[in-house]
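[1] I would like the atomic coordinates for the input below:
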Amino acid sequence: MVIAAGLLIAFGFSFYLRSRQISAPEDQKYFADPPNFRPLFAPSEEDIRALERAENEVEKEHARESEREAERLALLEKSALAKEFRSIWLNAPDRRGTAELLRLASMGENAETFSEISENVIKVWQDEKITGLTAADLADLLDSHFRLLPQQEMASGALFWLKQEIAAMRTGPEKNNLQG
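    Numbering: from 1, shown residues only. Model prediction:
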C-alpha cells in the first residue's frame, strides 16, 4: 500500500508538471517582451537630446565661421580691386575716377588700405592737381568715404593722419602748406 500511495503521489506530481508545461505558453505571453531596462552606462533620452543639441550648435558655429571667412575673403577681394583700380586711375586721375577709387577703398572696410589709397590720392592731387578737384572738394570726398568705413576701422591709428589732412584742406591753402 505504501508503494501504491507513493506511485499515486508521483503520478499526480508528474500530471501536475505536465499541465503546467502545457499552460506555460499562455503565461509566457506576458513575458514575451523583456522589460525595458536600460543598461547601467547607456545614455538616457535626455542625454541623447542634449548631445543632439550640442551637435546642432557645433554645426551652426561652423556655418557662422564659414560665413565670416567668406566675408573676410570678399573684403580682401574688394581691397585688391581698389589697389588694381588705383594703378588704372594713376594713368588719368580725374574727379570721377578719384571718387570711384575712394568708394572702392572704403568698400574693403580696411583702414590700412583706405589710408594707403588716400595718401596716394593726396600726393597726386598735390603734385598734378587732379582736374576739376579743389581742396574743399577733395576734403569732402575723403571725409565722406572715410565715414563709410566701419566704426572700429575709423578709430584706427592708421587713419589719424587723414583726419588732420582733411581738416587742413578745409581751412584753406593760405593756412597750411597744401596746394589746391
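
[2] and the gap between residue 55 and residue 44?
    Per C-beta to C-beta, to the nearest Å, residue 55 is found 17 Å from residue 44. Every C-beta, even on glycine, is put in place using the N, C-alpha and C of the backbone.

[3] just residue 113 next, same as before
    Counting by C-beta to C-beta, the gap from residue 113 to residue 44 is 55 Å.

[4] Give me the more crowded residue out of the two.
    A direct count of neighbours by other C-beta atoms under 10 Å for residue 113 and residue 44 places residue 113 higher, at 25 against 9.

[5] Quickly find the element holding that one.
    Secondary structure from DSSP states H and E places residue 113 in helix 111-128.

[6] Flag every buried residue along that helix.
    For helix 111-128, the neighbour count (16 or more other C-beta atoms under 10 Å) marks 111, 113-118, 120-122, 124-125 as buried.

[7] Would you reformat these as CSV and include distance to residue 96 and pLDDT?
    Formatted as CSV, the buried residues of helix 111-128 follow (distance: C-beta to C-beta, whole Å; pLDDT from 0 to 100):
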residue, distance to residue 96, pLDDT
111, 25, 84
113, 21, 86
114, 19, 85
115, 22, 87
116, 21, 88
117, 16, 88
118, 17, 90
120, 17, 88
121, 13, 89
122, 18, 90
124, 14, 89
125, 14, 88
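
[8] which one of these sits closest to residue 12?
    For the buried residues of helix 111-128, the minimum distance to residue 12 (C-beta to C-beta) is 103.4 Å, reached by residue 111.

[9] Hmm, residue 153 and that closest one touching each other?
    Yes. Between residue 111 and residue 153 there is a contact under C-beta atoms under 8 Å: 4.3 Å.

[10] got any residues that touch both of these two?
    The contact sets of residue 111 and residue 153 overlap at residue 159 (C-beta atoms under 8 Å, 6 or more residues apart in numbering).

[11] how about the helices in this protein?
    2-28, 45-91, 95-107, 111-128, 135-146, 151-154, 160-171 (DSSP state H).

[12] which one of the ones you listed lies closest to residue 39?
    helix 45-91 (12.8 Å).

[13] could you say what helices and strands the closest one packs with?
    Counting contacts by 3 or more C-beta pairs under 8 Å, 6 or more residues apart in numbering; DSSP states H and E, helix 45-91 packs against helix 95-107, helix 111-128.

[14] count of neighbours near residue 102?
    Quick note: residue 102 (other C-beta under 10 Å) scores 23 neighbours.

[15] In contact with it, which residues?
    Going by C-beta under 8 Å, 6+ apart, residue 102 touches 117-118, 121, 141-142, 145.
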